[in-house]
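[1] pasted the sequence and its predicted model underneath.
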Amino acid sequence: MRMILSDLDGTLLDSAYRFDAARPALECCRKKGALLVPVSSKTLPEMAYWSRELALPPAFSYENGFGIAFREAQPAWLKPRVLDRYGYRFQGTAREAPGWRVWEQEIGSATERIRQLLERFPKGTVRFATELSAKEWVRITGLSPELAEKARRRRGIPPLWISPEVRSQVVQAFREAGFRVGRGRFFVTVAPYDKGTVAEALVRALRARHPHARVLALGDQPADEAMAPYVDRFVKVHGPKEWNRVVWTWLACDGGEP
Ligand SMILES: [Mg+2]
């Protein structure tokens, strides 16, 4: 059994949100029965959209480790109960992603603690990304207005937009306060969980059924490196062309290099 935990933006998707160059390796994943599980900072409705584009992976993780969604009610390839140990609670189905069953972290008072820490910084230099207007989202991320709307619908702790001149101080303040900090391309996630949390939970749950399962993780940003300690191999990948090459080689697909 093989599983690939993959970031989307800048990793499997290029800057124009395309992944055509990765199609040979995606097809090889399907042929070999390798599990592709996207692990993204995107939201549940965005990931439901991308899952259709990617021909429905068995599961995906959204909002930087906050949630995991499964296509099947009883996925046979892992032991869902193991996810509990890592803070994931079964929430049933969600309106934003019809058909998917979701498990999510409990946030508790974390958002309030984040707000308190943000008061240390000059007004306007750090904001919850959900407080930016739809227009600002489109400008910052390059998403279409329709996808930007999906991106703003957060279920967990919203990521932060941080002005460059205070970025390193903000990151340090949150680390010192015990938060996990995930630096992405446009936003920074501060939360009690990160992509490492979801990687550890999924790997343990998978190995509870398949003790010898091999796991590859791929990402382009520091936030993705959080997955590295829990997998057999982590590779920094920038875009679908590189993604294709790395996955093709790791799965030992037929025909040598694509
Ligand atoms: Mg990325």
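    Perfect, I can see it now.

[2] give me the domain ranges for the chain.
    Split into domains by automatic domain parsing, the chain comes to 2-106+194-250, 110-191.

[3] would CSV of those with distance to the ion and mean pLDDT be doable?
    In this view, the C-beta of every residue, glycine as well, is placed from N, C-alpha and C. Formatted as CSV, the domains of the chain follow (distance: least, CB to the ion, whole Å; pLDDT from 0 to 100):
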stretch, distance to the ion, mean pLDDT
domain 2-106+194-250, 4, 96
domain 110-191, 6, 92
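
[4] tabulate those (TSV), appending mean neighbour count.
    What follows is those, written out as TSV (neighbours: other CB atoms under 10 Å):
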stretch	mean neighbour count
domain 2-106+194-250	20
domain 110-191	16
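
[5] nearest residue to residue 71 in space, please, no chain neighbours.
    residue 58 (5.4 Å; CB to CB, 6 or more residues apart in numbering).

[6] residues contacting that neighbour?
    With contact taken as CB atoms under 8 Å, 6 or more residues apart in numbering, residue 58 is in contact with 35-37, 70-72, 75, 77.

[7] the residues you listed: which two are farthest apart?
    36 and 72 (14.9 Å; CB to CB).

[8] does residue 61 lie in a helix or a strand, and which?
    strand 59-62 (DSSP states H and E).

[9] re earlier: so which of the contacts of residue 58 is the closest to residue 22?
    For these, the nearest to residue 22 is residue 36 (10.2 Å; CB to CB).

[10] helix or strand right after the longest strand anywhere in the chain?
    Across the chain, the strand with the greatest residue count (assigned by DSSP state E) is strand 97-105. Going down the chain from strand 97-105, the next helix or strand is helix 110-118, by DSSP H and E.

[11] what's residue 63 in contact with, if anything?
    Taking CB under 8 Å, 6+ apart, we find residue 63 in contact with 41-44, 154-157, 189.

[12] show me what the longest strand of the chain pairs with in its sheet, parallel or antiparallel.
    According to DSSP bridges, strand 97-105 has the following sheet partners: strand 67-70 (antiparallel), strand 88-94 (antiparallel).

[13] correct me, but residue 173 touches residue 120?
    Yes. If you go by CB atoms under 8 Å, residue 173 and residue 120 touch, sitting 6.5 Å apart.

[14] for the spatially most central residue of the chain, which non-adjacent residue is closest in space?
    In the chain, the centroid-proximal residue (CA atoms, centre = their mean) is residue 40; its distance is 1.9 Å. Closest residue in space to residue 40, ignoring its immediate chain neighbours: residue 8 at 4.5 Å, by CB to CB, 6+ apart.

[15] next one: residue 171
    Nearest to residue 171 is residue 181, by CB to CB, 6+ apart, at 5.3 Å.

[16] over to residue 208?
    In space, residue 208 is closest to residue 79, 4.0 Å off (CB to CB, 6+ apart).

[17] grab the nearest non-local neighbour of residue 39.
    Counting by CB to CB, 6+ apart, the residue nearest residue 39 is residue 61, at 4.4 Å.

[18] hang on, isn't that neighbour packed against residue 41?
    No. Contact criterion CB under 8 Å: residue 61 and residue 41 do not qualify, at 9.5 Å.

[19] which helix runs longest in this protein?
    The residue-count maximum for a helix in the chain (DSSP state H) belongs to helix 195-207.

[20] C-alpha coordinates for the next helix or strand after that helix, PDB please?
    Going down the chain from helix 195-207, the next helix or strand is strand 214-219, by DSSP H and E. Output of strand 214-219 as PDB, limited to C-alpha atoms (Å, rounded to 0.1, in the frame of the first residue of the first chain):
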ATOM      1  CA  ARG A 214       4.900   3.600   2.400                       C
ATOM      2  CA  VAL A 215       4.200   7.300   2.400                       C
ATOM      3  CA  LEU A 216       5.500  10.100   0.300                       C
ATOM      4  CA  ALA A 217       4.700  13.800   1.100                       C
ATOM      5  CA  LEU A 218       5.100  16.700  -1.400                       C
ATOM      6  CA  GLY A 219       5.000  20.400  -0.900                       C
END
